[in-house]
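Asker: A structural model of the following input is requested.
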Amino acid sequence: MTEANNKASGPVKKHFYSVPSKLSEMSEEQRKDWIRSLHARMVSDLRGPQQQPLALVYDDIYLDWLLGAGDGSHPTNPMRAKLAKDLLVERLGADVKLVAPASEANEASDTEALYATHEATYVRHTLAGGNSQWHGIKAKVAAAGFAMFRGTIRAVELMLAGKVRVAFNPQGAKHHARFESGDGFCVFNDMVYAAKAFAAAGLRPLYIDWDIHAGDGVAIMLKGTGIPTISIHNAMGYPSNSQMQTFGKRGEMHHPHQHNYNFNVLPGDGDDVFKTFIDAAGDIIDSYKPDVILLAAGADGHTGVGNLGAIANYTADGFAYAANMIADKAIAHCDGRVLIGGAGGYQPLNETPKTWALVVETIYNKVTQAVSAMVLTEKKGN
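Answerer: Sure, this is the predicted structure:
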């Protein structure tokens, strides 16, 4: 290339990546975290201007979601959301678009959406500070619960406007909430709102949930809509739904005429069983060919003892495998569109935020790389 041609094409951007001075002293887990972070920065540096950001919906109002004693000791300690947000910002940098869940400008329309999703008396009682998920009147907790619902509204708006393909609300996917009541630490069912909003816009949404507790609220509230729901969950214990759980037997419980599909794992099952059911769920997704995937990315199946005890033995490898499947199906059928809610996760200061960040980062990077490849192919063809 001549000097003139080189100047015309613009300067070559150079990237420098430093190695931590104490790399040899890091634990294996710390080294893996550093390698993942480095890979994410390198991917980000190679992206072109056509790439869309990751919409990450967060505000410190989420930290007011203090159930139980209100001191952070409850299984739903909201610090998990802030830590996941911080990890994603660190790893993806400028590719993250931070989105505030609520403002005065959209309060009226958001309230209308909430009333369209839940029974009116229940909504009024909760917004006034009362709910079965806590004792007494707690206005700040109620406001945080509404903000979490509103966060998913913001994500849906951005996706429908074509401004983002992948959106993450760490305090989203409150999948146990029912039409007229709260349950399982969930008050307002944002994923039901999202599924119906996408359908109303002419898209074909599909909901998949790998929280270790069955996504019963979503399945119940979407019954009869034709919107498919898939849940991979523990066969035992909460929520004790006989239409979804096998109670002591590993296996499947499907209701195709209701577009409801359930995979039951046993307590202590690990990545091998999880991956088998993830593959089967992928086949179901292929059969529906949705336009957008809604994911409840619960991290409560992670190995180890959390605030609700030891439930399953999934590891980062299993969650990465699952995230890659979602990304592959989103690329194949949905132009990369995935809405992700955090759902459950009861190791809030470590494994839960790390698992959420891993899942979101994996999906976002894979979708982004695929879109980049498609754009480059189209440019070469022209």
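Asker: Which pLDDT value belongs to the closest residue to Gly130 other than its chain neighbours?
Answerer: In space, and not counting its chain neighbours, Gly130 is closest to Ile137: 5.5 Å by C-beta to C-beta, 6 or more residues apart in numbering. (C-beta placed from N, C-alpha, C; glycine too.) Listed pLDDT for Ile137 reads 96.
Asker: Please determine how far Ile137 is located from Asp64.
Answerer: Here the criterion is C-beta to C-beta, to the nearest Å. By it, Ile137 lies 14 Å from Asp64.
Asker: Next: Val89.
Answerer: Plainly put, Val89 is 21 Å away from Asp64 if you go by C-beta to C-beta.
Asker: now swap in Leu160 and tell me
Answerer: From Leu160 across to Asp64, the span is 28 Å (C-beta to C-beta).
Asker: what are the ranges of the strands in the stretch 1-150 of the chain?
Answerer: 54-57, 96-99 (DSSP state E, counting those that start in this stretch).
Asker: my guess is Lys289 meets Arg204, correct?
Answerer: Yes - using C-beta atoms under 8 Å, Lys289 is in contact with Arg204, at 7.4 Å.
Asker: Which one of the two is surrounded by more residues?
Answerer: Using other C-beta atoms under 10 Å as the criterion, Lys289 and Arg204 rank with Arg204 on top: 16 against 12.
Asker: Let me see the contact set for the more buried one.
Answerer: Shown in contact with Arg204 (C-beta atoms under 8 Å, 6 or more residues apart in numbering): 288-292.
Asker: wait, which of the residues you listed is closest to Asp335?
Answerer: The nearest member of the contacts of Arg204 to Asp335, counting by C-beta to C-beta, is Asp291 at 7.7 Å.
Asker: The nearest residue to the closest one once chain neighbours are set aside and Ile326, how far apart?
Answerer: Nearest in space to Asp291, with sequence neighbours left out and distances taken as C-beta to C-beta, 6+ apart, is Leu203 at 4.0 Å. Separation of Leu203 from Ile326 (C-beta to C-beta): 17 Å.
Asker: These two: which is more packed in?
Answerer: Neighbour tally, Leu203 and Ile326, criterion other C-beta under 10 Å: the higher count belongs to Ile326, 27 against 17.
Asker: Quick check: which element contains the more buried one?
Answerer: helix 316-333 (DSSP states H and E).
Asker: as a whole number, average confidence for that helix?
Answerer: The pLDDT scores in helix 316-333 average 98.
Asker: Restricting to C-alpha, output the next helix or strand after that helix in CSV.
Answerer: Next helix or strand after helix 316-333 toward the C-terminus (DSSP H and E): strand 338-341. What follows is strand 338-341, C-alpha atoms only, in CSV (Å, rounded to 0.1, in the frame of the first residue of the first chain):
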residue,chain,number,x,y,z
VAL,A,338,-32.9,-11.7,23.3
LEU,A,339,-34.5,-10.2,26.4
ILE,A,340,-32.8,-11.4,29.6
GLY,A,341,-34.1,-11.2,33.2
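Asker: what lines up beside strand 338-341 in the sheet?
Answerer: Paired strands of strand 338-341, with direction, are strand 166-169 (parallel), strand 292-296 (parallel) (DSSP bridges).
Asker: Show me what that strand is in contact with.
Answerer: 152, 155-156, 159, 165-175, 190-191, 194, 292-297, 326-327, 330, 359-360, 363, 367.
Asker: Give me the distance from the following helix or strand past it to the chain's centre.
Answerer: Next in sequence after strand 338-341, counting helices and strands by DSSP H and E, comes helix 351-381. Once both centres are worked out by C-alpha atoms, centre = their mean, to the nearest Å, helix 351-381 turns out to sit 15 Å from its chain's centre.
Asker: now the angle between strand 292-296 and helix 351-381, please.
Answerer: Between helix 351-381 and strand 292-296, the angle comes out at 160 degrees (axes from the mean of the first three to the mean of the last three C-alpha atoms, to 10 degrees).
Asker: Can you mark which positions in helix 351-381 are buried?
Answerer: Neighbour-count burial for helix 351-381, counted by 16 or more other C-beta atoms under 10 Å, picks out 351-372.
Asker: That one vs helix 316-333, what angle?
Answerer: Interaxial angle, helix 351-381 versus helix 316-333 (the same axes, to 10 degrees): 30 degrees.
Asker: Which elements pack onto helix 351-381?
Answerer: With contacts taken as 3 or more C-beta pairs under 8 Å, 6 or more residues apart in numbering; DSSP states H and E, helix 351-381 sits against helix 28-46, strand 54-57, helix 79-92, strand 166-169, helix 316-333, strand 338-341.
Asker: Kindly compare burial across these and name the winner.
Answerer: strand 166-169 (a mean of 30; mean count of other C-beta atoms under 10 Å).
Asker: Much appreciated, bye for now.
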